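Enquirer: coordinates only, no sequence provided:
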């Protein structure tokens, strides 16, 4: 079993969650590759049985090219949306999606949008979704206390 973690991050919060999830996977004794979407492989390695994907929540869903430009001016880099759209996932793969979002009912969820994209692209063996909360702070959003520990625990759970 191998795990591939692919993420898109604008302020570094989603990258930090991806790294914590990967540490949890490693602590469970499972091999893991972590890649920012620009560095993600075009073809999933043969030994990958779990794909973990994550992005920040924008406008209640997965970032679009327009939202990425307005938030951080990064539309020139590949988006997770475009990477997922170009993937044909094997039916035997497990998928886990996560997001970072400002808490609250109206926040929405990039993880749910990722789930819809993945399910639309074909069958997957299993799908899990998880949100990690960011709070407003000086200089932009930051992770709520305890979210890195929660991501680490979730990584262990996914690998187990």
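Expert: Thanks, I have the structure now. Computed from a predicted structure; not experimentally measured. Numbering: from 1, shown residues only.
Enquirer: doesn't residue 93 make contact with residue 125?
Expert: Yes - counting by Cβ atoms under 8 Å, residue 93 is a contact partner of residue 125 at 6.1 Å. For every residue, glycine as well, the C-beta is placed using N, CA and C.
Enquirer: where's residue 131, which helix or strand?
Expert: strand 126-135 (DSSP states H and E).
Enquirer: between residue 125 and residue 93, who's got more neighbours?
Expert: residue 93 (18 against 13; other Cβ atoms under 10 Å).
Enquirer: from residue 95, how far out is the residue most central in space within the chain?
Expert: With distances taken as Cα atoms, centre = their mean, residue 54 lies nearest the centre of the chain, 0.9 Å away. To residue 95, residue 54 is 11 Å away according to Cβ to Cβ, to the nearest Å.
Enquirer: SS state for the residue in the chain sticking out farthest from the centre?
Expert: What lies farthest from the middle of the chain is residue 138; by Cα atoms, centre = their mean that is 24.3 Å. With DSSP: H, G, I helix; E, B strand; the rest coil as the basis, residue 138 sits in coil.
Enquirer: how about it, phi and psi?
Expert: Phi and psi for residue 138, reported as degrees, to the nearest 10, are phi -60, psi 130.
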